[in-house]
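> Take a look and give me a structure for this.
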Amino acid sequence: MTTKCFGPLFKQCVLTSGVSINFMTHGMVMGFSSVLLPQLRATTDVDESTATWIASIFGVSLILGTLSVPLIMSTYGRKPANIVSATLMTVGWLIISASERASTLLLARFLQGFSMGFLADMGNIFIGECCSPKNRGAFLTTISVSLMLGTFLVHSLGTVISSWQTIALISACISFLDLIIIVLSPESPSFYAMKGKYDECRKAFRWLRGQFEEDELEKLIKINMTKESNITSESDENFINKLQKKFVYLKTTLKKKEVYKPIVIMLHLYVLGQWCIAVTFDTYAKDILDIILGTDINFGIVIVSLDLQRLVSNFLAILAIKMIRRKLVLVVTMSTNVICYFSIALYVYLKTHDILSYDHPFIGLVLLHIHLFTTAVGAVPLINIIAGEIYPLQHRGLCGMIGILFFSINETINMKSARYLFASIGLHGAYTIYGLLVAYSVIVVWILLPETKDRVLLDIEEEFRGSPLIVESKLIGEDNENVRD
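This is a model prediction of the structure:
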């Protein structure tokens, strides 16, 4: 297909859509709790502990998926990992659509969490390896847009459809469509090069990029030829020796400035992403809105308006991130996020203790809109972008796995503890704790994160390293036998 309408940009869009729609279904998983739990409480005698497990169990299986995906990515490829992720997601939605018991809901949500773990680390890598540098930033931003769109879609469906089974069936159809797109998409050229399949690498690369980025293609093949020669020379080593080398690799790698500094930054960024209210609100929107706005509001209209505003804000974030420095966007939005946390906490405290001389739901609604705006423009898109910019190229797989594991643990703690915090110390107490966590993380990131906008990856790595990478041959040869994808 050499026509202009089916050129490289179109093909990269198709491949990116396979990853992005998968992320959209993950946004639907997170937002589904806000639809599912109120219906469960109204129609069944599900207890509070079971309800919180239904909401949070995908965070546990997300950890298992994260641990499994590096092996599948390096052995079988990025595309098979994406296929497994979409398949598990589809099966999970189908189980929910036929479910009438808490046990089957838990099983389905567990499978969906496994699917999310597969994609969390692989999605950025797949898009980054397959898309042209000039389009890469925009394509990576579609991940956060897709997550927001998924949440918006499931909340919108929840306002017009009163059956969670029907919503799950619609979600399964979307996930199955995504599976078809993924199957029709090519494998990453980088994976073919890593496996020594250079003809397939050239074919996939030119299919995705056209004939105008040959320098990058030849460099990719040359680097992986060097890796192949080093790995082949040690292929006869026994398992114990290989295991010992892996431990030595892990120990020495984590001591490198260009490794541990980005990891520390990303751990704090994941704290921002997890506790900035976006995830908590997607799961417990009804509980939060009932406390802040009262129970006599039109929940459907309010939740759709908030989701729509976040979706539009996320599209605006693409423009903001392209024009404004990363650190400035992050610090301004997350500082405002902290102010909103404390403002809402104070407002709810005064409201629940009948201290306010005047009150109106519009006050809480404005605070909520500002609060969620900060997450849509700041934390959610920037985490994906910065994660694709600051990890060193040689150790991206290891760094990404550590970061996603930390995020998964935070997600499980967040989902499991939120309702207990609301019940024990009130929403105002929980929001105060969340605000302090975000404030601490913003300060650390502001101190440690260098500006990454419009900089090549090797320049960023050299700044963390504190010294130049010297020569290309040394960069390629260093620790090649232990490089993790």
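> How about the backbone phi and psi for residue 196?
Main-chain torsions, residue 196, degrees, to the nearest 10: phi 80, psi 10.
> give me the number of residues near it?
Residue 196: 15 surrounding residues under other CB atoms under 10 Å. All C-beta atoms are positioned from the backbone trio N, CA, C, and that covers glycine.
> State the distance from it to residue 220.
12 Å (CB to CB, to the nearest Å).
> Also residue 200?
Distance from residue 200 to residue 220, by CB to CB: 13 Å.
> Ok, residue 199 next?
Residue 199 is 14 Å from residue 220, by CB to CB.
> what does stretch 29-46 contact?
Stretch 29-46 is contacted from outside by 51, 54-55, 58, 89, 92, 102, 105, 109, 112-113, 116, 147, 150-155, 157-158, 162-164, 167-168, 171, 279, 282-286, 303, 307, using CB atoms under 8 Å, 6 or more residues apart in numbering.
> What mean pLDDT does that stretch get?
Mean pLDDT, computed over stretch 29-46, is 78.
> If you count neighbours, what's buried in that stretch?
Of the residues in stretch 29-46, 29, 30, 31, 32, 33, 34, 35, 36, 37, 38, 40, 46 count as buried by neighbour count, 16 or more other CB atoms under 10 Å.
> okay, residue 199 and residue 220: which has more neighbours?
It is residue 220, of residue 199 and residue 220, that has more neighbours when counted by other CB under 10 Å, with 20 against 8.
> so what's the more buried one up against?
Taking CB under 8 Å, 6+ apart as the test, what residue 220 contacts is 189, 190, 193, 201, 205.
> ok, now residue 62?
113, 114, 116, 117, 120, 408, 411, 412.
> want to try TSV for the residues you listed, with secondary structure and neighbour count as columns?
Below are those laid out as TSV (DSSP: H, G, I helix; E, B strand; the rest coil; neighbours: other CB atoms under 10 Å):
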residue	secondary structure	neighbour count
113	helix	28
114	helix	24
116	helix	28
117	helix	27
120	helix	23
408	helix	26
411	helix	25
412	helix	20
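> chain center to the one helix or strand residue 25 maps to, what's the gap?
Per DSSP states H and E: residue 25 is located in helix 8-43. Counting by CA atoms, centre = their mean, to the nearest Å, helix 8-43 is centred 12 Å from the centre of its parent chain.
> re earlier: least confident pick among the contacts of residue 220?
Within the contacts of residue 220, pLDDT is lowest for residue 190, at 80.
> ok, and for the helix or strand hosting residue 199, which residues are buried?
Using DSSP H and E, residue 199 falls within helix 198-209. The neighbour-count check on helix 198-209 (16+ other CB under 10 Å) flags 198, 200, 201, 202, 204, 205, 206, 208, 209 as buried.
> Alpha carbons of it, as PDB, please.
Extracted as PDB, the C-alpha positions of helix 198-209 are listed here (Å, rounded to 0.1, in the frame of the first residue of the first chain):
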ATOM      1  CA  TYR A 198      17.100  -8.700  10.200                       C
ATOM      2  CA  ASP A 199      15.000  -9.300   7.100                       C
ATOM      3  CA  GLU A 200      11.800  -9.300   9.100                       C
ATOM      4  CA  CYS A 201      13.100  -6.200  10.900                       C
ATOM      5  CA  ARG A 202      13.700  -4.300   7.700                       C
ATOM      6  CA  LYS A 203      10.200  -5.300   6.400                       C
ATOM      7  CA  ALA A 204       8.400  -4.300   9.500                       C
ATOM      8  CA  PHE A 205      10.400  -1.100   9.900                       C
ATOM      9  CA  ARG A 206       9.800   0.100   6.300                       C
ATOM     10  CA  TRP A 207       6.100  -0.900   6.500                       C
ATOM     11  CA  LEU A 208       5.700   1.400   9.600                       C
ATOM     12  CA  ARG A 209       8.200   4.200   8.700                       C
END
